[in-house]
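Enquirer: Predicted model and sequence follow; I will ask about them next.
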There are 2 protein chains.
Amino acid sequence: MTTRIDGDRLLGDLYTLRKMGEYKTGVHRPTYSPEDVQSRHWLAGRMAEAGLEPEIDGIGNVIGRARDDGTKLLLGSHVETQPHAGWLDGALGVIYGLEVARTLGGAIDVAAWADEEGHFGSFIGSRSFCGLLAEAEIDACRNRDGTTLREALAQAGFAGRQRAVVDPARYRGYLEAHIEQGAELEDTGKRIGIVTAIVGSHRFRIVFEGVQNHAGTTRMAVRKDAGVALVKLASAIYARFPDVAGPRTVWTTGRILLDPGAPSIVPGRAEMLFQFRDTDPALLAKLESELETLVAEATRGPCTVTITERGRSVPQVMDAGFQDALEHAAERHAPGLHVRMPSGAGHDAQVLAERMKSAMLFVPSIGGISHHYAENTEDADIVLGCQVFADAAAEILAG
Amino acid sequence: MTTRIDGDRLLGDLYTLRKMGEYKTGVHRPTYSPEDVQSRHWLAGRMAEAGLEPEIDGIGNVIGRARDDGTKLLLGSHVETQPHAGWLDGALGVIYGLEVARTLGGAIDVAAWADEEGHFGSFIGSRSFCGLLAEAEIDACRNRDGTTLREALAQAGFAGRQRAVVDPARYRGYLEAHIEQGAELEDTGKRIGIVTAIVGSHRFRIVFEGVQNHAGTTRMAVRKDAGVALVKLASAIYARFPDVAGPRTVWTTGRILLDPGAPSIVPGRAEMLFQFRDTDPALLAKLESELETLVAEATRGPCTVTITERGRSVPQVMDAGFQDALEHAAERHAPGLHVRMPSGAGHDAQVLAERMKSAMLFVPSIGGISHHYAENTEDADIVLGCQVFADAAAEILAG
């Protein structure tokens, strides 16, 4: 079952969207920024031109609904970007959805979920749609600049609107396409990735409190150096985690702060942001217990150590039938050049999977680069991916 | 030989100076800020009232010269402060000098050296006076905000003036009083510290270059995580240095930066500021060689490691005769309550020691606190310290 997508129309829309917040060869389009709001209105217009009924709801989700009767397939991703980041992260999946709706006609709904990139919170758009975002959480969200989510929604013109909530009976399921954001496809010469599961992540802030002191006049024996305590714990984590982790587990210390951070002052306070990810819930639990043990050991030093959870997501296994449909389509258009793989990055599909069957398709990232303006994918891979995506959608709808 | 200083006059001047840039219970008076310039003009006025001939030179040094013939003793310290820091760090030694000049009459010169606190460079005021600061270095200096030293001097009204340079034949030597900035005096119940030597410090920036990547999609095996490389080296330093160090050696990592510092991004670049201090040049050389070995080992990992020197100072032994004079005076006014000790902090005296006999006196810091607005010393200790300082100056001049 093949229906031909229009590669030029697809690329044309991606190029148009790229202009909104263009930065070097990438895009700077944070959630609810003027460029982001512009892109949502533009997308709603393109949905209307494609025969969909567009809505921008009270959280900024752009949803284009098919007018026909019968069950639908929901296709989506996000349009906002990380700061000074790439042009395809999110945008690709949304425009794939639009192109497939144009190609297959009346059984496709398309969505751009607000703030997948987490400027204000965690998956607030898709969680809102899935009934997993309380008003109280919206009250509490703010971005790095301190702007509250309420203020941003008001400024964007979305405040006071209803938030759209999923009717699971409407949908056969959810499909999302995305750039890989890693180099596994490129390294193995594949052109299509079929996602088996999306990792769960556990995210922590670990704070060390000691005593700030002069770095020349305070003897080593009496110091309570919060930076030393941090380095010792981080080092212990790096030493222990390989023994506990699985072959695909990843763990990262993305930020370290010493306070006050002056060369001649013994740091009185230090902070690290630490996270780990895996698709296996049992392994995640084991890693968390190991981390707790190491923190408990660290508290026996001269500094206090406090660990707080910054958030967690559960691993989501993708629907087996949807994976098969993606594989059939991939084998038709790129025989032998597809592979099943987990997603190490989080995606809206892991939220939608709470409410309906879900699956994801990956296209290669050149050099594995993402969250950087140099992020890119070959035009031929972009077009191929959309064709595979369309065929898989058609098979699922026919099934 | 005792000449009575005027404790109320001394404290009154310290209180007046404290008002210039007052911040909570401390002072915010960075070098060449309006408050700092105000304090230099005020000090010059007080010097004139004390019968000295005041000058503010082309680097901002305030020098009050005695009008009498004969060799002089030079007393000084600095008036600018660290950001939002204490009221006595520097100010104490300058006002001690002024008070001793008022008490002993015409054989005392008094100086406030510019920028001991290093807002623009390293000891630029005292080095300028000692002929150790080239015009090219002045051209290159700038503060944290990017303001150049030349701009700051112009704004302060000091540009275009001659820089005063020492005539070593004029002086018997240099004495500086300072708060201890540590808790050794307080912890041992002493009221006067007689400095035996000022530590030398070696200061480094160590930069790690890896590859920035997505923290979810980049497998551990292929990562070049600059933060991990940093933690490993810091950890190796903490493990090795105790075996090489002497009983008084101190070493500190005051700043760590991961770039870009986002929780879900593998850091592509990391940087640490590291320093160590000791009074023994042989030990400093041994520590540096150990550091070089550890850096060389670190370069065998997946990241590049580059170490650059940010500065160094050589240890300076204080003049034995001056130490004796301080001890005689201390024993007279605080029998049994004085101790000889090294200075772990750097001071202008280590620069002046390049040109003349030099020595230092410490008074206790309450709780060892300094470089913080809570910094303080008991009024009784401030007055006692100045009396000891005056007596020692008198003995040296009589000697």
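Expert: Yes, it's here.
Enquirer: Was I right to think residue A:230 contacts residue A:269?
Expert: No. Between residue A:230 and residue A:269 there is no contact under C-beta atoms under 8 Å: 9.7 Å. Where C-beta positions appear, they are placed from N, C-alpha and C, glycine not excepted.
Enquirer: So for those two, which residue has more residues nearby?
Expert: When residue A:230 and residue A:269 are compared on other C-beta atoms under 10 Å in any protein chain shown, the one with more neighbours turns out to be residue A:230, at 30 against 19.
Enquirer: Run through the bridge partners of the nearest residue to residue A:250 once chain neighbours are set aside.
Expert: Of all residues not flanking residue A:250 in the chain, residue A:277 sits nearest, at 5.2 Å (C-beta to C-beta, 6 or more residues apart in numbering or on different chains). Under DSSP bridges, the beta-bridge partners of residue A:277 are residue A:201, residue A:250.
Enquirer: Would you mind giving me the confidence score for residue A:277?
Expert: Listed pLDDT for residue A:277 reads 97.
Enquirer: Would you quantify the distance from it to residue A:77?
Expert: The spacing between residue A:277 and residue A:77, counted by C-beta to C-beta, to the nearest Å, is 20 Å.
Enquirer: And residue A:178, by the same measure?
Expert: For residue A:178, the distance to residue A:77 equals 6 Å [C-beta to C-beta].
Enquirer: got any residues that touch both of those two?
Expert: Contact criterion C-beta atoms under 8 Å, 6 or more residues apart in numbering or on different chains; residues shared by residue A:178 and residue A:77: A:90, A:92, A:93, A:347.
Enquirer: residues near the second one, how many?
Expert: Residue A:92 sits with 25 neighbouring residues when counted by other C-beta under 10 Å.
Enquirer: Please identify the buried residues of whichever strand or helix holds it?
Expert: Using DSSP states H and E, residue A:92 maps to helix A:91-104. Neighbour-count burial for helix A:91-104, counted by 16 or more other C-beta atoms under 10 Å in any protein chain shown, picks out A:91-104.
Enquirer: for stretch A:153-166, same thing?
Expert: For stretch A:153-166, burial by neighbour count (16+ other C-beta under 10 Å) applies to A:153, A:156, A:158, A:163, A:164, A:166.
Enquirer: Format the CA atom coordinates belonging to that stretch as PDB.
Expert: Taking Å, rounded to 0.1, in the frame of the first residue of the first chain, the C-alpha atoms of stretch A:153-166 are listed here in PDB:
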ATOM      1  CA  LEU A 153       0.400  32.100  27.700                       C
ATOM      2  CA  ALA A 154      -1.200  35.500  28.200                       C
ATOM      3  CA  GLN A 155       1.400  37.300  26.100                       C
ATOM      4  CA  ALA A 156       1.100  34.600  23.400                       C
ATOM      5  CA  GLY A 157      -2.700  35.200  23.300                       C
ATOM      6  CA  PHE A 158      -3.600  31.700  24.400                       C
ATOM      7  CA  ALA A 159      -4.700  32.400  28.000                       C
ATOM      8  CA  GLY A 160      -8.400  31.800  28.700                       C
ATOM      9  CA  ARG A 161      -8.800  29.300  25.900                       C
ATOM     10  CA  GLN A 162     -10.000  25.700  26.700                       C
ATOM     11  CA  ARG A 163      -7.300  23.100  26.900                       C
ATOM     12  CA  ALA A 164      -8.000  20.300  24.400                       C
ATOM     13  CA  VAL A 165      -8.200  16.800  26.000                       C
ATOM     14  CA  VAL A 166      -7.900  13.600  24.200                       C
END
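Enquirer: I'd like to check what contacts it. Which residues are they?
Expert: Contacts for stretch A:153-166 (C-beta under 8 Å, 6+ apart): A:32, A:36-37, A:55-61, A:63, A:128-131, A:133, A:150, A:355-356.
Enquirer: Apply 7 Å and report the result again.
Expert: Residues from elsewhere that reach stretch A:153-166 (C-beta atoms under 7 Å, 6 or more residues apart in numbering or on different chains): A:32, A:37, A:55-61, A:63, A:128-131, A:150, A:355.
Enquirer: Common neighbours of residue A:230 and residue A:269, please.
Expert: In terms of C-beta under 7 Å, 6+ apart, residue A:230 and residue A:269 are both contacted by the residues residue A:208.
Enquirer: Strands of the stretch 201-350 of chain A, residue ranges please.
Expert: For the stretch 201-350 of chain A, applying DSSP state E, counting those that start in this stretch gives strands covering A:213-214, A:250-259, A:265-266, A:269-278, A:304-313, A:316-317, A:338-343.
Enquirer: same check, this time on the stretch 51-200 of chain A
Expert: For the stretch 51-200 of chain A, applying DSSP E, counting those that start in this stretch gives strands covering A:53-56, A:62-65, A:72-77, A:108-112, A:171-179, A:192-198, A:200-209.
Enquirer: Relative to residue B:399, which of the ones you listed is closest?
Expert: Among the strands of the stretch 51-200 of chain A, strand A:200-209 comes nearest to residue B:399, with 50.9 Å by C-beta to C-beta.
Enquirer: Return the distance of that closest one from the chain's centre.
Expert: Offset of strand A:200-209 from its chain centre (C-alpha atoms, centre = their mean, to the nearest Å): 19 Å.
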